[in-house]
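**Student:** just need the structure, nothing else, for what follows:
(one chain, ligands or ions: 2)
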Amino acid sequence: MSVYTASTTAPVNIATLKYWGKRDKTLNLPTNSSISVTLAQEDLRTLTSAATSSTFKKDNLWLNGVEEGIKGERTIACLKDLRKLRKALEDADSSLPKFSEWGVHIVSENNFPTAAGLASSAAGFAALVVAIAKLYELPQLMSEISKIARKGSGSACRSLFGGYVAWEMGEAADGEDSKAVEVAPLDHWSSMKAAILVVSDDKKDTPSTTGMQTTVATSDLFQYRIKEVVPRRFEEMKKSIVERDFETFGDLTMKDSNSFHAVCLDSSPPIFYLNDTSKKIIKLVHKLNEQEGKIIAAYTFDAGPNAVIYYEEQNENKVLGLIHKYFQKVSGWEKVANKVSTFEDSSIEFDTEAYKGVSRIILTKIGPGPQETSESLVNEQGLPKY
Ligand SMILES: Nc1ncnc2c1ncn2[C@@H]1O[C@H](COP(=O)(O)OP(=O)(O)OP(=O)(O)O)[C@@H](O)[C@H]1O
Ligand SMILES: C[C@@](O)(CCOP(=O)(O)OP(=O)(O)O)CC(=O)O
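**Tutor:** Residues are numbered from 1 along each chain as shown. Ligands and ions are numbered 1, 2, ... in the order given. Predicted coordinates:
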């Protein structure tokens, strides 16, 4: 029996213009376009292997060493679309093995905590879709494949590209024009760095999907956001990326994070994702920018209290100098141990206990899209190696 396999890695992306609201829940069609930065895979990535064989009677998924099976409707929808594209190839060329009729085994690992507000679903669905597209030898371009990843998790469509990415909301009812596109490649503005402050938080607030539904149904402010604010900001932010204009990019990023959290608060019942530590971090970044007389650091928060702070490499000594001063007790600084002596000492006054609300720091940067890999998580029988 022949077992066919393919593997890929896929990155996490963190939006600088937020996706919040669906106009179609099943197809994951958004109420607004969004923009993100793809992060480096040394720190945060999914590795997924896919295998198929005529002897596989059903589909199966192993995630982080645990057999989960294919349960979710979203995963089923992705597999259905991928099979349809493979079937079209098989219909056009009868010599091709009938992968579309066989079961597929998916084995995946995240090198960071799953479902901890670190966008694991984005990297996870991007890797799943790309691994199977590779296994099926699909000729479609990444934008086309991104429409399938979108059905897994909206934000996953943006993880199919590296660098700066836009998800164009589209207008069609079937979602055919709702896809990810590259705004600028990694090399265009490669000095972009990100410090993620993982904020300890025991209670998990509303999941994204439920939160979005509540906002769409109840927030008046949300209508203003999607009709007036985001369309303008989408163009302005793309321009700031093309021009490598951090001041504008950072300003829009912070404003959009706050706009997103404002519509959450305007929902009924209100949704709170930021906690006191998040708010302290927001103030700290504003103090830094004020002292500098320009924006050199920009925070953004997703559906949780973790802070992602974007900055350019040339300002690292200032930005990390300040963060290190007040958060040096958290883990994650090992990576820059040899640089700490060059960090600038900051005169900014801040809560010296704030570090207690942070569990660790992840120091990372902009990165490429899904990568080819020789690493495989499946053995010759098409089962997990462990
Ligand atoms: N490697 C993977 N392969 C397939 N599915 C995955 C993978 N990693 C995560 N997922 C899916 O994503 C779900 C977690 O998504 P969830 O949105 O709860 O968390 P998150 O993406 O880490 O956080 P957030 O969306 O708030 O940033 C998992 O339960 C699983 O269904
Ligand atoms: C706040 C966000 O991170 C929301 C992400 O939502 P998801 O992509 O996780 O939602 P689903 O489509 O329901 O899976 C903003 C963003 O990433 O743009």
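**Student:** tell me the confidence at residue 115?
**Tutor:** Per-residue pLDDT puts residue 115 at 73.
**Student:** next one: residue 202
**Tutor:** 64.
**Student:** quick one, what contacts the nearest residue to residue 329 once chain neighbours are set aside?
**Tutor:** Nearest non-adjacent residue to residue 329, counting by CB to CB, 6 or more residues apart in numbering: residue 355, 4.9 Å away. Placement of C-beta: from N, CA and C, glycine included. The neighbourhood of residue 355, defined by CB atoms under 8 Å, 6 or more residues apart in numbering, consists of 326, 327, 328, 329, 330.
**Student:** ok, now which ones touch the third one?
**Tutor:** The reference is to residue 328. residue 355.
**Student:** hang on, the earlier thing: which of the contacts of residue 355 are buried? Put it as a ChimeraX command.
**Tutor:** Of these, the buried ones go into a single ChimeraX selection, burial set by 16 or more other CB atoms under 10 Å:
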select :326,327,330
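**Student:** so which of the contacts of residue 355 are also by ligand 2?
**Tutor:** When the contacts of residue 355 are checked against ligand 2 using CB under 6 Å from any ligand atom, none falls in range.
**Student:** tabulate the contacts of residue 355 (a markdown table), appending secondary structure.
**Tutor:** Shown next, in a markdown table, are these (DSSP: H, G, I helix; E, B strand; the rest coil):
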| residue | secondary structure |
| --- | --- |
| 326 | helix |
| 327 | helix |
| 328 | coil |
| 329 | coil |
| 330 | coil |
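**Student:** and of the contacts of residue 355, the nearest to residue 48?
**Tutor:** Using CB to CB, residue 330 comes nearest to residue 48 of these, at 30.1 Å.
**Student:** wait, the closest one touches residue 357, no?
**Tutor:** No - Residue 330 lies out of contact with residue 357 (CB atoms under 8 Å); the separation is 9.7 Å.
**Student:** any idea how far residue 365 is from ligand 1?
**Tutor:** To ligand 1, residue 365 is 19 Å away according to CB to the nearest ligand atom, to the nearest Å.
**Student:** bridged to that residue, which residues?
**Tutor:** Bridge pairing for residue 365 (DSSP bridges) gives the partners residue 193.
**Student:** and it, how many neighbours?
**Tutor:** Using other CB atoms under 10 Å, residue 365 is surrounded by 19 other residues.
**Student:** my guess is it meets residue 41, correct?
**Tutor:** No - contact criterion CB under 8 Å: residue 365 and residue 41 do not qualify, at 10.7 Å.
**Student:** pLDDT weak spots in the protein?
**Tutor:** Residue ranges of the chain with pLDDT under 70: 201-204.
**Student:** skipping its backbone neighbours, what lies nearest the closest residue to ligand 1 within it in space?
**Tutor:** Nearest residue of the chain to ligand 1: residue 124, at 2.3 Å (CB to the nearest ligand atom). Spatial nearest neighbour of residue 124, chain neighbours left out: residue 46 (5.1 Å); criterion: CB to CB, 6+ apart.
**Student:** next, the one you found: secondary structure please.
**Tutor:** Under three-state DSSP, residue 46 falls in the strand class.
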